[in-house]
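Colleague: Next come a sequence and a model predicted from it.
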Amino acid sequence: MEAEHIIHKLQRALVRRIEQLAISVTSGGVDNMETYKYIIGQINALESVRQEISNLQHDKELNG
C-alpha cells in the first residue's frame with residue numbers, strides 16, 4: 001500500500017474519531033467533569049496529530 005493511501009486513511013480515521021468524541025460531548029453523553037476533560041483532551045490530541053500530518057503533507061508538496 002502506498003504511503004499516501006495510508007496517510008489518507010489515517011486522516012479519515014482521525015476525523016471520524018474526533019467527530020464521535022465531539023458528538024458524545026454535545027449529546028449529553030458525559031456524566032461528570034472528569035470524563036468531559038478526558039474527552040476534550042483526546043479531541044485536542046487527535047486534532048494536533050491531524051494538523052501535524054497536514055503540515056508534513058504541505059511541506060512535502062512545497063519541496064517536491
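Modeller: Everything's here; your move.
Colleague: so where is this protein shaky, pLDDT-wise?
Modeller: Applying pLDDT under 70 to the chain flags the ranges 1, 64.
Colleague: Show me what counts as buried in the longest helix anywhere in the chain.
Modeller: Longest helix in the chain by number of residues (criterion: DSSP state H): helix 33-63. The neighbour-count check on helix 33-63 (16 or more other CB atoms under 10 Å) flags Ile39, Ile43, Leu46, Arg50 as buried. All C-beta spots, glycine's among them, are computed from the backbone N, C-alpha and C.
Colleague: Quick check: of these, which lies closest to His8?
Modeller: Arg50 (12.1 Å; CB to CB).
Colleague: Next up, the contacts around that closest one.
Modeller: Shown here is Arg50, whose contacts under the criterion CB atoms under 8 Å, 6 or more residues apart in numbering are Gln11, Leu14, Val15, Ile18.
Colleague: for the longest helix of the chain, the distance to its chain's centre please.
Modeller: Using CA atoms, centre = their mean, to the nearest Å, the mean C-alpha position of helix 33-63 is found 5 Å from that of the whole chain.
Colleague: And stretch 27-42, by the same measure?
Modeller: Distance, stretch centre to chain centre, for stretch 27-42: 16 Å (CA atoms, centre = their mean).
Colleague: again with stretch 18-29
Modeller: Using CA atoms, centre = their mean, the distance between the centre of stretch 18-29 and that of its chain works out at 13 Å.
Colleague: contact partners of it?
Modeller: With CB under 8 Å, 6+ apart as the test, stretch 18-29 has contacts from Val30, Tyr36, Ile39, Ile40, Gln42, Ile43, Leu46, Glu47, Arg50.
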